[in-house]
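**Q** Generate a structure from the sequence data that follows.
(2 chains)
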Number of protein chains: 2
Amino acid sequence: MNRNFNEFNISILSDFYEYTMAQGYFNENMDDKITYFDVFYRNNPDNASYAIFSGLEHLTEILNSMKFNKEDIEYFKSLNTFDDKFLNFLENFKFECDIWSVPEGSVIFPNEPIMTVRGPAVQAQLIETIALLIINHESLIATKSSRIKRAAKGRAVMEFGARRAQGIDASVYGAKASYIAGIDGTSNVLTGKLFNIPVLGTMAHSWVQMFDTELDAFKAFAKSFPNNCVLLVDTYNTLQSGVPNAIKTFDEILKPMGIRPKGIRLDSGDLAYLSKQARKMLDDAGYEDAQIVVSNSLDEYTIRDLLHQGAQINSFGIGERLITSKTHPVFGGVYKLVAIEEDGKIIPKIKVSENVDKITTPGVKNLYRIYDRKQIKQKLI
Amino acid sequence: MNRNFNEFNISILSDFYEYTMAQGYFNENMDDKITYFDVFYRNNPDNASYAIFSGLEHLTEILNSMKFNKEDIEYFKSLNTFDDKFLNFLENFKFECDIWSVPEGSVIFPNEPIMTVRGPAVQAQLIETIALLIINHESLIATKSSRIKRAAKGRAVMEFGARRAQGIDASVYGAKASYIAGIDGTSNVLTGKLFNIPVLGTMAHSWVQMFDTELDAFKAFAKSFPNNCVLLVDTYNTLQSGVPNAIKTFDEILKPMGIRPKGIRLDSGDLAYLSKQARKMLDDAGYEDAQIVVSNSLDEYTIRDLLHQGAQINSFGIGERLITSKTHPVFGGVYKLVAIEEDGKIIPKIKVSENVDKITTPGVKNLYRIYDRKQIKQKLI
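**A** Coordinates of the predicted model:
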């Protein structure tokens, strides 16, 4: 399916109140008043010490092609809330704010402005929802991915989460954000094609079940893909059946072709124990170079545990816990008015709150990073 | 932005291994073998006693328009993994499996087949990723929404989560799933337009900050939207400033117009205490019919707590905790081969696992619901 051009217009993906406020600014002749909004967030996901910024490229693309078509205007008319002046503004909309932003993939910290939008009230307000949606989602997944990649201590990490992602964009742009943060590849073909990211994958349990025996299934796969032969060894019994059948397949199919096997994949059970046993069996059979790939609900915490237990793993396939940032599935970026211009002067604006951490830092800010030789420090001016 | 028709083709949103397996089935002349796959899940989110099924309509739409265009074929060619026979199959692809499914919005339980796909191995395998992605996401949000709506005990519940959703589809189809599960409306304009769902919303804190005083901001809003006047009262101080200014606005702007105010919204602080105080102040001023709307990181747990404390709330606006199902952000639906046909006979297939709960139930099943007068029971045959 491709989205219907007229109906699925991302330009109207916005909270309704952005439009009622915009109409209100017209009524008050404040639509052209120059405003400054900061995007920032208050706490790092997973109580970590940093986050990774992502979403700028995607957001820029959306804002640059923002427009409202006839169907959209008809829809707004049908809501009996907006006047002709406002509908006319939508019909001729062209996004004209200035945006300052930290670069895609930057390390970011709480309470610093990661993006500042300057422009007419009516425009700067209108993009709040989509700006937060894109930045919150992609920064969330980039941050989680960075944590997972670091936990793997140099081993390869693949993104395998499409089937558990929260919707189509979550899978496509989540996988993209994970790549920006250092993940090595994805199973998601659409992401691979759109962003030129390596795609990976071999077989599911259903492949093994389709044949009369596991050995038949392995041999058939090795014949079809001798150069990409990673065999999934846990459909029946990993150590009694899966690994021995994999070795037999390597011996009987690949060896005569003069091709080294890529390896095996474990997807269930005690991965530390099974990987150590499998490593020994592969080594004893002369396949020291065969890789052991593991999957099954992994994240930075389980990876750290596995490596601590001496698991023999070359590569991790990470699914739902990366693509949903399961332990912390929300990146709390906010979009707050920090100043307005009046007669050419910048007037700072503040929001006070009964929740102390919801109080904003008023004024237009510059962001400095001060580095020393040992660590990165941050300062906000 | 609208998605580029050629580039963003959802048909290739799939794990890469679905394609390698499909190519393998061609090589083994098994591509036409008739297979049965069950979709089921193992545990209810949030340790609840049920889940709500959603995603069928969306999935059907995607499968019915599934096709691979020239760009896609070129991309597959560039991967040096697929032969011409397979690429030709993709080029002429038409989805031809049979699907049995429980209806959209059904109550579902673990380990029963909620969907069964019957068709040629090469086709039934190819749709695994997208089928799970859509069903897992939309069932997750429908389930969470149903829990939240029940906790609100008949009060109105609005979906306000777009800015914290995990991507564009998460916001659009998440809001749709929440409506299917009983939520009353959404702030998401695109969802409202696409699926004819009521859209709601009034003002953000930035509206209040834009004016010299809170009272100016309220009066301006009341003049612009006298019939949809819900004032956000917590920008500075809810009880000292927000509620008194709201009442003054109702008195001075709406009363002379003969219009009753819709109400106020609280978005921070101790919502139980503030709502009780605000209720009293509104009642004393003669606005017993003014509604109190609350938002601020709510879910079924906090709603239950608030109502238990006697909070005076008419309507809940629910953001990130609904749209990401924050306490349980993954719906673990799986897609498993349960049988194949050979010479017209159905042969059951099983997957054994070192994780006992990953063992599948083989064979083709019918699903029965047995109701008695007091409760619903389930049975699987």
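
**Q** So A:Ile99 is in contact with A:Ile114, correct?
**A** No: counting by CB atoms under 8 Å, A:Ile99 stays clear of A:Ile114, with 11.1 Å between them. Using the backbone N, CA and C atoms, a C-beta is placed for each residue, glycine as well.

**Q** any weak-confidence spans in chain A?
**A** Judged by pLDDT under 70, chain A has its weakly predicted residues at A:1-6, A:370-381.

**Q** domains of it?
**A** Chain A resolves into domains spanning A:10-140+A:330-380, A:144-323 when parsed by automatic domain parsing.

**Q** Where do the helices of the stretch 151-300 of chain A begin and end?
**A** Ranges of helices in the stretch 151-300 of chain A, per DSSP state H, counting those that start in this stretch, are A:168-180, A:189-195, A:205-210, A:214-224, A:243-249, A:255-257, A:271-284, A:300-308.

**Q** and those as TSV, adding mean neighbour count and distance to chain B?
**A** Rendered in TSV, the data for these read as follows (neighbours: other CB atoms under 10 Å in any protein chain shown; distance: least, CB to the nearest CB, whole Å):
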stretch	mean neighbour count	distance to chain B
helix A:168-180	28	3
helix A:189-195	22	4
helix A:205-210	24	4
helix A:214-224	21	4
helix A:243-249	22	13
helix A:255-257	11	15
helix A:271-284	19	8
helix A:300-308	17	14
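
**Q** The stretch 251-381 of chain A against chain B: which residues are in contact?
**A** The stretch 251-381 of chain A has residues A:268-270, A:274, A:296, A:320, A:324-326, A:329-333, A:335-337, A:340, A:349-355, A:358 near chain B, with proximity defined as CB under 8 Å from any CB of the partner chain.

**Q** For ChimeraX, write the select line for the buried members of these.
**A** Filtering these down to the buried ones (16 or more other CB atoms under 10 Å in any protein chain shown) takes a single ChimeraX command:
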select /A:268,269,270,274,296,320,324,325,326,329,330,331,332,333,335,336,337,340,349,350,351,353,354,358
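
**Q** can you put the helices of the stretch 151-300 of chain A in a markdown table and add distance to A:Ile135?
**A** As requested, those are arranged in a markdown table below (distance: least, CB to CB, whole Å):
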| stretch | distance to A:Ile135 |
| --- | --- |
| helix A:168-180 | 10 |
| helix A:189-195 | 18 |
| helix A:205-210 | 38 |
| helix A:214-224 | 42 |
| helix A:243-249 | 44 |
| helix A:255-257 | 49 |
| helix A:271-284 | 35 |
| helix A:300-308 | 22 |
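
**Q** hey, where'd the helices end up in the stretch 1-150 of chain A?
**A** A:16-27, A:56-64, A:70-78, A:84-91, A:121-126, A:128-151.

**Q** Tabulate the ones you listed in a markdown table, adding columns for distance to B:Ser106 and mean neighbour count.
**A** Formatted as a markdown table, these follow (distance: least, CB to CB, whole Å; neighbours: other CB atoms under 10 Å in any protein chain shown):
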| stretch | distance to B:Ser106 | mean neighbour count |
| --- | --- | --- |
| helix A:16-27 | 30 | 23 |
| helix A:56-64 | 35 | 18 |
| helix A:70-78 | 30 | 15 |
| helix A:84-91 | 39 | 15 |
| helix A:121-126 | 38 | 25 |
| helix A:128-151 | 29 | 27 |
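
**Q** May I see those arranged in JSON lines, with distance to chain B as well?
**A** Putting those into JSON lines (distance: least, CB to the nearest CB, whole Å) gives the following:
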{"stretch": "helix A:16-27", "distance to chain B": "3"}
{"stretch": "helix A:56-64", "distance to chain B": "4"}
{"stretch": "helix A:70-78", "distance to chain B": "5"}
{"stretch": "helix A:84-91", "distance to chain B": "10"}
{"stretch": "helix A:121-126", "distance to chain B": "6"}
{"stretch": "helix A:128-151", "distance to chain B": "4"}
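
**Q** Quick one: closest of those to B:Glu28.
**A** helix A:128-151 (35.8 Å; CB to CB).

**Q** Could I get the CA-only coordinates of the closest one as CSV?
**A** Once non-C-alpha atoms are left out, helix A:128-151 reads as follows in CSV (Å, rounded to 0.1, in the frame of the first residue of the first chain):
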residue,chain,number,x,y,z
GLU,A,128,4.9,22.0,17.7
THR,A,129,3.2,18.6,17.5
ILE,A,130,5.0,17.2,14.5
ALA,A,131,8.4,18.6,15.7
LEU,A,132,8.1,16.9,19.0
LEU,A,133,6.7,13.7,17.5
ILE,A,134,9.6,13.2,15.2
ILE,A,135,12.4,14.4,17.6
ASN,A,136,11.0,12.5,20.5
HIS,A,137,10.6,9.2,18.6
GLU,A,138,13.9,9.2,16.8
SER,A,139,16.0,10.5,19.7
LEU,A,140,14.4,7.9,21.9
ILE,A,141,15.5,5.1,19.6
ALA,A,142,18.9,6.6,18.9
THR,A,143,19.5,6.9,22.6
LYS,A,144,18.5,3.3,23.4
SER,A,145,20.5,2.0,20.4
SER,A,146,23.6,3.8,21.6
ARG,A,147,23.3,2.2,25.0
ILE,A,148,22.9,-1.2,23.5
LYS,A,149,25.8,-0.8,21.1
ARG,A,150,28.1,0.3,24.0
ALA,A,151,27.0,-2.7,26.1
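
**Q** picking up where we left off before, now distance to B:Ala311 too, for the helices of the stretch 1-150 of chain A, in a markdown table please.
**A** As requested, those are arranged in a markdown table below (distance: least, CB to CB, whole Å):
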| stretch | distance to B:Ala311 |
| --- | --- |
| helix A:16-27 | 23 |
| helix A:56-64 | 37 |
| helix A:70-78 | 35 |
| helix A:84-91 | 36 |
| helix A:121-126 | 30 |
| helix A:128-151 | 27 |
